[in-house]
Structure formats: C-alpha cells, structure tokens
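*Asks:* Model the following, please.
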Amino acid sequence: MNQEQFDKVKNGNGFIAALDQSGGSTPKALAAYGIPEDSYTGEDEMFDLVHNMRTRIITSPAFNPDQILGAILFEATMDREIHGKYTADYLADQGIVPFLKVDRGLDEQANGVQLMKPIHDLDETLRRANDRNIFGTKMRSVIHEANDNGIKAVVDQQFDIGKRIIEAGLVPIIEPEVNIHSEEKEKSEDILKEEIQKHLDELSEDQNVMLKLTIPTNADQYKQLIDHPRVVRVVALSGGYPRDKANSKLKENDGLIASFSRALVDDLNVDQSDEEFNQTLQNAVDSIYNASVNKK
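*Replies:* This next block holds a predicted model:
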C-alpha cells in the first residue's frame, strides 16, 4: 500500500470524485453531457466517448489535488490512457488517489434490498488493479426498506468481499446505499449503522475500510463510524439529490466528505468551450469542497 496516498485519503481536506459510471449508466451520463444515445453505435464507441469525457474532466485545471483527494474509476477507464499514461498513474502523478469500481451491478430486489451480483472474477480484477497502481476499490449495494434480514445480508456481503480486497493490499470502499426516496430511510439508517458497527468491531488492527453512505436523515448519524479506528474515511454519495441540496445536507455532518458523481458533473456539456467547461467544473468543485470541509 502507498502510505502517502493512505495518509492523504485519511487526513486530507477535500472530497473524492466518482467517475465510475458503468455500462448500464454510461448512456445516461453521455446524454447529460450532450451526447444522445442515437449518435453512437455499440459499446466500443460509447466507451470511447465516455473516456473522452472523463479525460476532459481529469485534465481540467479544476480537477486539482488541493480540493480532490481521489477519483473512482470504471474498470475500462483503468485500462485506458491519458496523455500516454494509464489513468491511475496519471491521477497519482497529479496527486489524486485512484480507486476502482469492482462490483458487477445489482441483483433483483429481495427482502427490501439489492445485493451485489456475484463478482466471479474478483481475484483477477484485484490483481490487475494492483498492476495498474490502484489504491482502493468501491462496490455498491442498495437498501430500499428497513428489513433487518435484508440489511444484514447487504452488510455481511460487503464486508466478506471487503476482507478479500484487504488481503489483496487494497482499501475497500464499502457502499451500502440507502435509497433517498425510501419511506423507511431513517429506520433503515439506524439498522445499517448497527450492522456496520458490528463488523467494524470485528476487524483486526491491520484491516482498514472506507465507507460510502447516503447522507443521513439525522445529522451526525454516522459520527461513531467516522471516528472508528478501522475506518480510513467516510464519504457520502449524492444519491440523486441536486448538488445544492446534497451540499447543504453534507454540511450538517461533521467529518463526512463528498463522493459525488452526477452532482459533480451535471452542468458539463460537450459543446462548452474549454473556458466554459473549466469554469463550470471549478464552480462545482468549489461548492462540493466547501461542503466537505466547512461544517456547521
């Protein structure tokens, strides 16, 4: 593990950018960027276009290490290059810590939750991640209802896979998202906190994780998890909240920093001039950084 990167993620001021839209979400991301689905043919062209978009973001002066601690990448992005370097190496050379999305999507809903689909090639993916100088990983489940058995299954699965990731020398970001539209969001967060706490308390001193959680209904709901000695950092997903609302809610939570995706890039457009693009991205970066650093 790169100790300098570990220290930056644990102690640095800033947030983590989520640039990990996968095959299913890429068409929506491109459409929001001004590239409609009927303007390209096939996955290869689609991923070329989204890599161009990500390259434009990553190479923008607004995407700077003074405000951005790390970036989460999609697997195809890990294997592509920016200015002659693999993406993770380019980011690291800029002082930004690279992470990799390793899940393969969500199973059908059962017991009020969606577990991750099996990750049959996890060991090979982790080997390749190490070859590409990736620091950590991210994997997402979703909680829709306050179902004790369902939430327990989500957290059990996340930590079981997380321990395999730790064994490979990487830091896992465990992401049990709570649906912001759930009528049982607050109750789900109470159950989730208890289940995560149990697993954290069972980790050994050489097992460290990160958590990526929905911004909670009750401010400082996760402060105990943020302060846990086995937790490197707790980051928040925007979860579909508009940026202003996500930032406002984030500010209420001491020690919680952003890891936004759509809320970071929503206003960017392929037809913007470089000046317009960079200024638009800088405005987003500034607002998310301020919400992550300047608390109540």
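*Asks:* And the helices in the stretch 51-200 of the chain, which stretches?
*Replies:* Applying DSSP state H, counting those that start in this stretch to the stretch 51-200 of the chain gives helices spanning 75-78, 87-93, 122-131, 148-167, 185-202.
*Asks:* angle of the fourth one against helix 185-202?
*Replies:* Spelled out, that is helix 148-167. Calculated by axes from the mean of the first three to the mean of the last three CA atoms, to 10 degrees, helix 148-167 forms an angle of 40 degrees with helix 185-202.
*Asks:* Can you spell out which helices and strands pack onto helix 148-167?
*Replies:* strand 113-114, helix 122-131, strand 136-143, strand 171-178, helix 185-202, strand 209-214 (3 or more CB pairs under 8 Å, 6 or more residues apart in numbering; DSSP states H and E). C-beta here means a position set from N, CA and C on the backbone, and glycine is covered the same way.
*Asks:* what's it in contact with?
*Replies:* 102, 110-113, 115-116, 119, 122-123, 126, 136-137, 139, 141, 143, 171-172, 174-176, 188, 191-192, 195-196, 198-199, 207-209 (CB atoms under 8 Å, 6 or more residues apart in numbering).
*Asks:* which stretch among the helices of the stretch 51-200 of the chain comes nearest Leu237?
*Replies:* helix 185-202 (13.3 Å; CB to CB).
*Asks:* so how far is that closest one from its chain's centroid?
*Replies:* Helix 185-202 sits 19 Å away from the centroid of its parent chain (CA atoms, centre = their mean, to the nearest Å).
*Asks:* mind saving the C-alpha coords of that helix as CSV?
*Replies:* Listed next in CSV are the C-alpha coordinates belonging to helix 185-202 (Å, rounded to 0.1, in the frame of the first residue of the first chain):
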residue,chain,number,x,y,z
LYS,A,185,-34.9,5.8,5.1
GLU,A,186,-34.4,6.9,8.8
LYS,A,187,-35.2,3.5,10.2
SER,A,188,-33.0,1.8,7.6
GLU,A,189,-30.1,4.0,8.6
ASP,A,190,-30.5,3.0,12.2
ILE,A,191,-30.3,-0.7,11.3
LEU,A,192,-27.4,-0.1,8.9
LYS,A,193,-25.3,1.8,11.4
GLU,A,194,-25.7,-1.1,13.9
GLU,A,195,-24.8,-3.7,11.4
ILE,A,196,-21.7,-1.8,10.1
GLN,A,197,-20.6,-1.2,13.7
LYS,A,198,-20.6,-4.9,14.5
HIS,A,199,-18.4,-5.7,11.5
LEU,A,200,-16.0,-2.8,12.2
ASP,A,201,-15.6,-4.0,15.8
GLU,A,202,-14.5,-7.5,14.4
